[in-house]
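J.: whatever this is, show me its structure:
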Amino acid sequence: MTGVVKAPGAFAITPHKVSLCILVHTYASPSQISVPFPFSSVSQHNRLGLYLLALTKSCDDILEPKLDQLINQLREIGGLLDDWLTDHVTSRLSSLSAPDDLFNFFNELRETLGGPDSGVMDDDQVILDPNSNLGMFLRRCILAFNLLTFEGICHLLTNIGIYCKEAISSSSYEHRLDDSSNDLESLSEYENMDLNLVFKKINEEMEARKKATEQVSFHLHLPKDLSTLVEDVEVFADTKPEHNEKGGESSSYASGDLLRDVDPDGGVFLRTNWQIQGYLMEQADAIEKSSCGRHGSSFTFNAFELTLRQLQKLAPEFHRVHFLRYLNNLHHDEYFSALENLHRYFDYSAGTEGFDFVPPAGSNGFGRFEIALLCLGMMQFHFGHPKRALEVLTEAVLVSQQQCNDTCLAYTLAAICNLLSEIGFSTTSGILGSPFSPMTNVGTSLSVQQQLFVLLNGSLKRAESLKLKQLIAANNLALAKFGLTHVQRPLLSFGPKISMKLRTCPIIVCKELRSSYHLISDFCCEGSTMTTDGAFSTAWLKNLQKPMGSLVMSQDNGSGNNSNPFLFFTQPSSIPGSVLQLVGSSYLHRATAWEMYGSAPLARVNALVYATCFADASSSSDAVVVHVKLIQHLAAFRGYKEAFAALKIAEEKFLCASKSRILILKLQLLHERALHRGHLKLAQQVCDELGVLASSVASVDLQLKTEASLRHARTLLAAKQFSQAAAVAHSLFCMCYKFNLQVENATVLLLLAEIHMKSGNAVVGLPYALASLSYCQSFNLDLLKASATLTLAELWLSLGSNHTKTALTLLHGAFPMILGHGGLELCARAYITEAKCYLSDPSFSVSDNPELVLDPLRQAADELQALEYHELMAEAFYLMAIVYGKLGQLQQREEAASSFKNHIVALDHPHDADDPVLS
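T.: Got it, this is the predicted structure:
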């Protein structure tokens, strides 16, 4: 295995890549028709192709596998062909004993690629497309070989000899340990390879050059200072992965293998800067993911710390090493060391790491003030200081323009958009109207929402001009989120009047969400010198040795290896984690959109897609969000028992810290169940705890404050304190109107209608219900519109029996949406209201069609059982008792009356002292 220090992104031909070229030539031999020799079936041929695809994608990984590791992997996937493939690779490598052999070999590779006349061939002929992944890999190898000097070709031959001899020594050592009688004749020819005659003069020349120029041998093209550092590092011969106490494989690499590999003759091979940076990114991601759970991880403090210290000694320019040491110390509760390394990281990096940007011409090397301002603004936003954050970010816009840093300017505009969308601003005058504001050209007479819309479009256009693919996808998601909750009005308030519908457009939202999907097929690293392309393929290869659980679908290939053929179709793809995270966020946005539009099945499906396909690449916050959505769906459609069981699993998986979504969800479920059970003191206590979690800053945590106020008003309504409930709801409506929370306004108006209805003022409640319906139509809130229609029907029914027909017509119009997408409570309310409409109608006779009333009442009672909603269940059984009394069925009437009494007693005397959920 070799690795020569080169510029980031360079592609060097190595013995491992030569081995891959041999396998690719075997996979797509140009002289064969149909399935090439030695493959006996298409499945065998495709199996090797999948393996080669993963190998070629991980060719730029931190570590290249040695020959013995490659042989072991071939035995895993080869099946009946493992011996033939192993012998073919080793024999072909042994035949490369002179430069002419390498020239002939790469000439044969050119024949493997399809040329301009490749379209003229037999239908069954196997030919390699030059633009495919394997074809591109061969073209890169051929080009890298053509760029080699004669000296470089001789070096490659030397490295191939070392590459083979390492496999010999490893195999001999294992043979002695196992005391086996394996025949090593197929590999013994490497011991007889004598390349001294070919390279004697080259070695002498390089040795003389080393003495003359005070530089190292050709194995290490490095300055003398760094070479002396390498000599001081102790190299560990054991490259086997460490195991933690639970038997999991360690994620950290052995320190010797990370920085270099040592052959028996003392050659030193270093990894490239690109690979080391990729390694650091992978390890940082692994540490952060392992810190999200409560269970221990496979990271050992001393081993990884030793690796980082050695890397810091060898390459002081890698400031990210300080950040890795900070994460490692923080993960193992070494807080003082963690703080020290964090300070060192910021001192040495000076704002030059962590952002993908192209340095402008003439820029100085003393850090980037605009990036520091961007980080400061994001920090202020995270800790709940929105005005300070907006001031700092707008200053970052000015500095980015002065420094001609277009990339930082694009990210700063995106951060301002995120700030304006997440934090409530009633006005931005005095901030966005400052001389360095990005809104100076537009003017500050626009509303905050119009300014946000202009900024979103400007940020998207700037990202498109700079070809920042991930930022483009993020802006598309932000525009989709904006389109969900805002009606797009014209920016100019003068001119000819045109007819327009003041409604949101779901088609535009879906279009923006679909635009973000293109990132999955058209992603790039945005000019960054750091990449993890190949990390997923490396994990694919490493998983060859991992058990896949039950081997029900495994096939016995006759070679003694019980490998799973479906293993190759379930491994991660070679897409960077940041790209997968963005694509996964689009599914979360789709789930949120369908929740608002009222389609519970589609919302659940998109949440399940995210949880199934993007769990490994998701951030901890997104993972919590999808768990919250699924648990809320369980509570609405299955009841509290299953919801709390799922919540317990989520609490074990995620830390239930203060202000976390899991804790908020738990309080929401406890409050709803307490109201349904009639435990008003507990409901008020939980409501107070929910309100305490919100920030004291006026414009921060608006969603949480709205949720707490809504639940406080509902608690007062359950306690029949109507005037106080109306006052709280009215105050909440004013806050939502001030910060333009239109969707929340529809919910608050519906609550006000319900308060007036239960207080006996149905006439006063009608305008609120109609206003809520208007909001729902404007924002396409179909399920909330159905709920408002149900409330409107209840209001008409409260006005007397003369309005029964009107109430029943409204109810039947909302039934398809309610029964198709509504939860248990909404469906039960609709059933009970329908029964009350029939019973209030003077023209309806119970004796003629009793099932028309009894069926919805029975269904309501069954659905309310899972929610433990005593008040509605008591009402359902009360109506059932009346119907049975009119029918003369006394026994059924007594049973219904007894159930009614039980629920009334449970409502008046709740008992939750022994509830295991509260403990």
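J.: strands of the chain, start to end?
T.: For the chain, the strands defined by DSSP state E occupy 260-262, 268-270.
J.: confidence-wise, which of the ones you listed is weakest overall?
T.: Sorting those by mean pLDDT places strand 260-262 lowest, at a mean of 41.
J.: just name the shakiest helix or strand of the chain by mean pLDDT.
T.: Sorting the helices and strands of the chain by mean pLDDT, DSSP states H and E puts helix 224-231 at the bottom, at a mean of 36.
J.: give the contact list for Ile904.
T.: Applying C-beta atoms under 8 Å, 6 or more residues apart in numbering to Ile904 gives the contacts His870, Ala874. The way it works is simple: take the backbone N, C-alpha and C, and place the C-beta from them, glycine included.
J.: let's go with 7 Å and repeat that
T.: Applying C-beta atoms under 7 Å, 6 or more residues apart in numbering to Ile904 gives the contacts Ala874.
J.: ok, now which ones touch Leu93?
T.: Taking C-beta under 7 Å, 6+ apart, we find Leu93 in contact with Ser19, Ile160, Cys164.
J.: how near is Gly888 to Ser845?
T.: Distance, Gly888 to Ser845, by C-beta to C-beta, to the nearest Å: 14 Å.
J.: then Lys467?
T.: Counting by C-beta to C-beta - Lys467 and Ser845 are separated by 74 Å.
J.: and Ala410, by the same measure?
T.: Applying C-beta to C-beta, the value for Ala410 to Ser845 is 71 Å.
J.: which of the two has more residues huddled nearby?
T.: Ala410 (25 against 11; other C-beta atoms under 10 Å).
J.: can you tell me how far that one sits from Glu395?
T.: For Ala410 relative to Glu395 (C-beta to C-beta), the value is 16 Å.
J.: please apply the same query to Thr806.
T.: As judged by C-beta to C-beta, Thr806 and Glu395 stand 59 Å apart.
J.: and the two? Which one has more around it.
T.: Glu395 (20 against 15).
J.: surely the more buried one and Leu374 touch.
T.: No - in this structure, Glu395 is not within contact of Leu374 by C-beta atoms under 7 Å, at 9.9 Å.
J.: low-confidence ranges in the stretch 801-919 of the chain?
T.: Within the stretch 801-919 of the chain, the ranges that satisfy pLDDT under 70 run 911-919.
J.: how about the helices in it?
T.: Counting by DSSP state H, counting those that start in this stretch, the stretch 801-919 of the chain has helices at residues 804-821, 824-840, 851-867, 870-887, 890-908.
J.: among the ones you listed, which comes closest to Tyr768?
T.: helix 804-821 (15.6 Å; C-beta to C-beta).
J.: what is the nearest of the contacts of Leu93 to Cys687?
T.: Nearest to Cys687 among the contacts of Leu93 is Ser19, at 66.4 Å by C-beta to C-beta.
J.: format the CA atom coordinates belonging to stretch 144-152 as CSV.
T.: Provided in CSV are the C-alpha atoms of stretch 144-152 (Å, rounded to 0.1, in the frame of the first residue of the first chain):
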residue,chain,number,x,y,z
ALA,A,144,-2.2,8.8,-13.9
PHE,A,145,0.1,6.1,-15.4
ASN,A,146,0.7,8.1,-18.6
LEU,A,147,1.8,11.0,-16.5
LEU,A,148,4.4,9.0,-14.6
THR,A,149,8.1,9.4,-15.5
PHE,A,150,10.3,6.4,-15.9
GLU,A,151,11.5,6.9,-12.4
GLY,A,152,7.9,6.9,-11.2
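J.: of all the residues in it, which ones are buried?
T.: Using 16 or more other C-beta atoms under 10 Å as the test for burial, stretch 144-152 gives Ala144, Phe145, Leu148, Gly152.
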